[in-house]
Each structure stands twice: as C-alpha cells, then as structure tokens.
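**Q** Just need the structure, nothing else, for what follows:
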Amino acid sequence: MKRLSFIFIIFITFTGISTIRAETDLGTGLHLDWFSSDEDDSGMQFYIPISASSRYNDLSVELLGAYVYTKVDPSDGSAESLSAFSDTKLNLHYEVIDRFAFDMLCSLGFNLPTGHTDLSADEMTLVIPSDLITISSFGEGFNINPSISLARQWEKTIVGIGIGYTWRGGYDYSYAIKDYEPGNILTLTGEIGHELNETWHGRVFGQHISYAKDKLDGENFYQEGRTMVIGCGIDYAQASWDAGLSLMNIIRAKSRFREGATLPSEERNSHGNEIVAGLMYRYFMDELTTLRSSLDYTRIGENDYDSLSPYYIGKMNKVSLGCGISRVFSERNIETALDIKGFSMNDGKNWYHPDQGYRYTGFCLCLAISKGF
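**A** The predicted model follows:
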C-alpha cells in the first residue's frame, strides 16, 4: 500500500506541474554506500533518489523520495536485507524579496509516511549508525514542519535568523515498540556573514534545538536533551577556483529516561561533545564543468558514564576524503554530477558493539542527473 501511495504522490505532482507554466526540474541518480569493520561486519545500501521541483514566481514546490535497498551482514552470520521506498518529503517555499526592510522565506514541509516501519526482530539488525549509511531511518509518521527565515543586509554584512517547529506523528517503530509518539521539535537558527574583501568571506552561525517528550502507549517514555550548535566558516574565491573551511561544535544536554512513572534527567550525560570540520575546494574548468574535492573530520568524545556502565559510549573519530565532477549540458538543460568519497572511522564501545571498539572503512559513490523544463 505504501509503495502505491508513493507512486500516486509522484503521479499527482508531475500532473500538477505540467498544468502550469513554471520552471520545473526533475532529478534521479544512483547512490551506493558500502562499509566493513575489522571484526568482519559489513553492509551496503543502494538507493535511487527521485526528486521533482517547480517554481512559479515566488512560490516553489519540492518533492523528494527514494527507492532503497539496505543489507547488513554481521560477523555472527545474521545477515538481513530490506528493500522499500523511503518516506516522501513535500516542501513548499514562498519568498518575499525586496518588499520590506528584510527578506523573508516561509516554508512548510511534510513527511509523508510512505516508508517502512514496524520493524521485525530480524529487521532490527538493519538499525546501524548514520555514519555508515546515508539513510538510517526507513520510515516515520506524518510530520508537519512550518518555518520562517528572515535576512537583512547592511553593505558587506548580512544577518539571518530562523525558527521552525516540527509536529511529529505517531507510528509503530518495531515489533517491540508499538504506538510510538516521538516528541515535537523546536529549532532556532542564526547566522552572520561578512564580506572581508573581494576574495574573502567569513561567517558565524548557531542553532538551538529543543525536543518534547517521546511517548509510548500514551505514557512519557524518553526526552532527548537540548542541542546547541556553534560554528564558523571562511571562504576564499578566485575567478577559476574557490575554497572553504568550516568548523562546528555540537553540544547536547542530558536526556531523560523513564523510571517507573517519572521521567528524571539521566545521572550523567550520555552524549559526548562533537566537533565537525570540513575543507572543500572547487576548480572551474570552464563555465560548464566543475571539479571538486573535500576533506571532512568528525570527532565525538566519550560520554560521562564509566567505561563499565551499559550506558557508556566511547569516542569516535571519522575522516572522509572525496572528489567529484559536475557538468552542465546547457543545450539540453541537463546537469550531471559524479562523486566518490572514502572514509575511515574508529568507533569506541557503544550500544551497537558494547564489548569493544570497531574500526570501519567504506566508501560512497553517487551519480546524479537532473533536467530542467
């Protein structure tokens, strides 16, 4: 039924787009993730993304989905695979530009539950860290996400702020977790950018995320700790190339776990401090062809629990190196891109492998193509 719902949504959107004179883009491609560990665990994910976007004056509509195949092969031989459609994302945007003292973007997003939920006991093997595969959540409930962003520029400085709220619908997560109602999410964002000169541009940004209580069978079950993101970046541009460096710190507060009829804050913080750094470089061979490369580093420190505690999570370090090429075929209004990225990750003891740390290696390969009408 969910598969038919996904196809129906795509059909209705494409039909609606064709009835108005709007700038329309359709996109697809192929994406492959593969990983293995030094303990003989391995896995892969292959998916075909499907996207449709259309713009008419200040209004734009975007539809995103994918067909996903995931396979995980643990060292104990309990291999499991899943082939299913993902949830469908429907996003509406309305821009208000040069009308007031500030520019405004109003958005309304929907998560349409066309994906796979109610995981069986065997399918729980497929629940692995998002650092290893791109799509780690196979399905959720019906979500609604309104947001508004404001931006104002003064000569060489631009300031932007935004607020968003996500109402998250209930669903059956797995064979053991029925009638699950995830908590709503409030997000506040801000960014200040400054043009230092013709070639250098800097920015600082921040984000605050608050989570309401998750419920199970109508009772409070869990509450994720508040998250604070603080970061900065600097970009350098020349006529034939540009480069950028970014640094971000993610701090998570203590979560709350159910104990009997109460939901007290955990004794220690189960989240470690996270640092994310990225370096990117692009070379413009001509007006239609771009070469690019990237180097990314993520470090998550160990949490506050003792190493013998079942809640202990050790430190994680991940390094990724990627390169790619994109090409525009202007005579046919087609854009193509090919990217490959390899990674190495040292993952300390955690809930997925509580006895020892693992070392993972892997890669992702992505081919994307889009056509405008």
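
**Q** Contact partners for the closest residue to residue 117 other than its chain neighbours?
**A** The shortest distance from residue 117 to any non-neighbouring residue, by CB to CB, 6 or more residues apart in numbering, is to residue 139 (4.2 Å). Bear in mind the C-beta positions are built from the backbone N, C-alpha and C, glycine included. Residue 139 sits next to 2, 84, 86-87, 113-117, 171 when contact means CB atoms under 8 Å, 6 or more residues apart in numbering.

**Q** try 10 Å
**A** With contact set as CB atoms under 10 Å, 6 or more residues apart in numbering, residue 139 has these partners: 2, 84-87, 111, 113-119, 171-173.

**Q** can I assume it sits in a helix?
**A** No. Applying DSSP: H, G, I helix; E, B strand; the rest coil, one finds residue 139 to be coil, outside a helix.

**Q** so after the lowest-mean-pLDDT helix or strand in the chain, what's the next helix or strand?
**A** Ranked by mean pLDDT, DSSP states H and E, the weakest helix or strand in the chain is helix 2-18, scoring a mean of 55. The C-terminal neighbour of helix 2-18 among helices and strands, as given by DSSP states H and E, is strand 23-37.

**Q** What about the contacts of residue 139, which are in strands?
**A** 84-85, 111 (DSSP state E).

**Q** name the element the closest residue to residue 40 other than its chain neighbours belongs to?
**A** Leaving out its chain neighbours, the residue that sits closest to residue 40 by CB to CB, 6+ apart is residue 75, at 4.1 Å. Per DSSP H and E: residue 75 is located in neither a helix nor a strand.

**Q** If you count neighbours, what's buried in the stretch of helix or strand residue 336 belongs to?
**A** In this assignment (DSSP H and E), residue 336 forms part of strand 334-347. Neighbour counts over strand 334-347 (16 or more other CB atoms under 10 Å) mark 335, 337-339, 341, 343, 345-347 as buried.

**Q** ok, now stretch 147-159?
**A** Neighbour-count burial for stretch 147-159 [16+ other CB under 10 Å]: 147, 149-151, 158.

**Q** Output those residues in TSV; the columns should cover pLDDT and distance to residue 259.
**A** Below are those laid out as TSV (pLDDT from 0 to 100; distance: CB to CB, whole Å):
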residue	pLDDT	distance to residue 259
147	98	35
149	97	39
150	97	42
151	97	45
158	96	47
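
**Q** farthest-separated two in the residues you listed?
**A** Using CB to CB, the buried residues of stretch 147-159 reach their maximum pairwise distance at 147 and 158, which is 18.7 Å.

**Q** does residue 315 really touch residue 347, like I thought?
**A** Yes. Counting by CB atoms under 10 Å, residue 315 does reach residue 347; the two are 8.7 Å apart.

**Q** anything in contact with each of those two?
**A** 300, 357.

**Q** so where is the protein shaky, pLDDT-wise?
**A** Applying pLDDT under 70 to the chain flags residues 1-21.

**Q** mind redoing it with 50?
**A** Applying pLDDT under 50 to the chain flags no residue at all.

**Q** what helix or strand is the closest residue to residue 289 other than its chain neighbours on?
**A** The shortest distance from residue 289 to any non-neighbouring residue, by CB to CB, 6+ apart, is to residue 327 (5.1 Å). Element membership of residue 327, judged by DSSP H and E, is strand 316-329.

**Q** Next: residue 121.
**A** Counting by DSSP H and E, residue 121 is found in no helix or strand.

**Q** Likewise for residue 291?
**A** Element membership for residue 291 (DSSP H and E) is strand 289-300.

**Q** angle of that strand against strand 334-347?
**A** Using axes from the mean of the first three to the mean of the last three CA atoms, to 10 degrees, one finds that strand 289-300 and strand 334-347 are set 20 degrees apart in direction.

**Q** Parallel or antiparallel, list what pairs with strand 289-300.
**A** As defined by DSSP bridges, the strand partners of strand 289-300 come to strand 274-284 (antiparallel), strand 316-329 (antiparallel).

**Q** For the first one, buried residues please.
**A** So the one you mean is strand 274-284. 274, 276, 278, 280, 282.

**Q** in stretch 99-117, what counts as buried?
**A** 103, 105, 107, 109-117.

**Q** Next, format those as CSV and append distance to residue 49.
**A** Below are those laid out as CSV (distance: CB to CB, whole Å):
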residue, distance to residue 49
103, 30
105, 24
107, 20
109, 17
110, 18
111, 16
112, 16
113, 18
114, 14
115, 14
116, 17
117, 20
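
**Q** The helix or strand following the strand holding residue 336: how far from the chain's middle?
**A** Helices and strands here follow DSSP H and E; after strand 334-347, the next one along the chain is strand 358-372. Here strand 358-372 is found 14 Å from its chain centre; the criterion is CA atoms, centre = their mean, to the nearest Å.

**Q** now for strand 358-372, which elements pack on it?
**A** Secondary-structure packing of strand 358-372 (3 or more CB pairs under 10 Å, 6 or more residues apart in numbering; DSSP states H and E): strand 23-37, strand 42-56, strand 316-329, strand 334-347.

**Q** And those strands: which comes nearest residue 300?
**A** That would be strand 316-329 among the helices and strands packed on strand 358-372, by CB to CB, at 4.4 Å.

**Q** Export only the CA atoms of that closest one, formatted as PDB.
**A** Output of strand 316-329 as PDB, limited to C-alpha atoms (Å, rounded to 0.1, in the frame of the first residue of the first chain):
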ATOM      1  CA  MET A 316      34.500   8.200  17.700                       C
ATOM      2  CA  ASN A 317      36.800   9.700  15.000                       C
ATOM      3  CA  LYS A 318      35.900   9.700  11.300                       C
ATOM      4  CA  VAL A 319      37.900  11.000   8.400                       C
ATOM      5  CA  SER A 320      36.400  11.300   4.900                       C
ATOM      6  CA  LEU A 321      38.100  12.300   1.600                       C
ATOM      7  CA  GLY A 322      36.100  12.900  -1.500                       C
ATOM      8  CA  CYS A 323      36.300  14.100  -5.100                       C
ATOM      9  CA  GLY A 324      33.800  14.700  -7.900                       C
ATOM     10  CA  ILE A 325      32.900  16.300 -11.200                       C
ATOM     11  CA  SER A 326      29.800  18.100 -12.400                       C
ATOM     12  CA  ARG A 327      28.900  19.100 -15.900                       C
ATOM     13  CA  VAL A 328      26.100  21.200 -17.400                       C
ATOM     14  CA  PHE A 329      24.700  20.400 -20.800                       C
END
